[in-house]
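1. Can you look at this prediction? I've put the sequence above it.
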Amino acid sequence: MKSNPLILGGTTEATALCRALSDAGIGGTISLAGRVARPLQQPLPQRIGGFGGVSGLVQYLADHRISHVIDATHPFAAQMSRNAIQACALAHVPLIALSREPWRAGAWDKWTHVRDIAGAVTALNRPAARVMLAVGRMHLSEFSPNPQHFYLLRLIDATEDRLPFPDHRIVLDRGPFTYQGDLELMRENGINLVVSKNSGGTGARAKLAAARALGIPVVMIDRPDLPPRLETYEVSAVLDWLCHGRTDLGV
Ligand SMILES: NC(=O)c1ccc[n+]([C@@H]2O[C@H](COP(=O)([O-])OP(=O)(O)OC[C@H]3O[C@@H](n4cnc5c(N)ncnc54)[C@H](OP(=O)(O)O)[C@@H]3O)[C@@H](O)[C@H]2O)c1
């Protein structure tokens, strides 16, 4: 029987996987949350918006006769990933995660690890600094306890939300970003502290290399914990799993 995969997307890895599936003539559907005003054109048919929790996803899998689910969401999209684990178990649909290797500090990096966004907020309870806050649009309001800092925000879309810190600059841009570009951005804005999620991958890594070069400390938000699941960092391994049922791919 021809496979009919569902790709949970919203990342460059998901788009790369869709291109590979399309090139291989496998096809499938990519699902996006609908957070971005102008999502990138996808190489496969797309659907947009939440499924309605675990039960909604179970229903979707049955209604669309989905044969496999590939969770290629961002490592911090933990709710979607947990829902996918539960729904696939209930619907007996095989699941694999296409993820990214976490970033690791090198000898010259000055990282402080925190568990979550709340940990980053606590770490910012300090005298005023010039902070590059790389946590995405959804969590900005949580930084309201620390309005003393200047915040540099890089967002895909302009935000209409009133930001809870008066001194900020928004740069509208979509990755991948370059080392040279991030070096200049940090210098130009006098950044002396970076707050970053440990997203991993290459598209947003430049800011860490730039911080290292400038001797800037980084508050690194560790990834949320997820239940065990089959996971790979390689698009080719997902194709092997889909076409040949290979499961010896764990990361
Ligand atoms: N979190 C980040 O830092 C980040 C960064 C870059 C890109 N993204 C992308 O942005 C999207 C949303 O991220 P998030 O952190 O807000 O997710 P989340 O908190 O894990 O998910 C919240 C809810 O949004 C819906 N949802 C999330 N991803 C979806 C998808 N690919 N297709 C359909 N529904 C989806 C689901 O709604 P229902 O329960 O109704 O199904 C899910 O329960 C994800 O696709 C992710 O890959 C996230």
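-> On my side now, so go ahead.

2. where in the stretch 101-250 of the chain is pLDDT low?
-> Where the stretch 101-250 of the chain drops to pLDDT under 70, the residues are 250.

3. Export stretch 126-133 to CSV, keeping only CA atoms.
-> C-alpha atoms of stretch 126-133 as CSV (Å, rounded to 0.1, in the frame of the first residue of the first chain):
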residue,chain,number,x,y,z
ARG,A,126,19.9,41.8,37.5
PRO,A,127,21.1,45.4,36.7
ALA,A,128,20.2,46.8,33.2
ALA,A,129,21.8,45.1,30.3
ARG,A,130,21.5,45.2,26.5
VAL,A,131,19.9,41.9,25.8
MET,A,132,19.4,40.0,22.5
LEU,A,133,16.3,38.1,23.4
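
4. quick one: it near the ligand?
-> No: using C-beta under 6 Å from any ligand atom, we find that stretch 126-133 stays clear of the ligand, coming within 12.6 Å at best. Where C-beta positions appear, they are placed from N, C-alpha and C, glycine not excepted.

5. next one: stretch 111-122
-> No: judged by C-beta under 6 Å from any ligand atom, stretch 111-122 makes no contact with the ligand; its nearest approach is 10.1 Å.

6. mind checking how far that stretch is from the chain centre?
-> 17 Å (C-alpha atoms, centre = their mean, to the nearest Å).

7. go on, stretch 161-177?
-> Mean C-alpha position of stretch 161-177 versus that of the full chain (C-alpha atoms, centre = their mean) differs by 17 Å.

8. Could you do stretch 109-129 as well?
-> On C-alpha atoms, centre = their mean, the centre of stretch 109-129 falls 19 Å from that of its chain.

9. Which helix or which strand is home to Gly201?
-> Assessed by DSSP states H and E, Gly201 sits outside every helix and strand.
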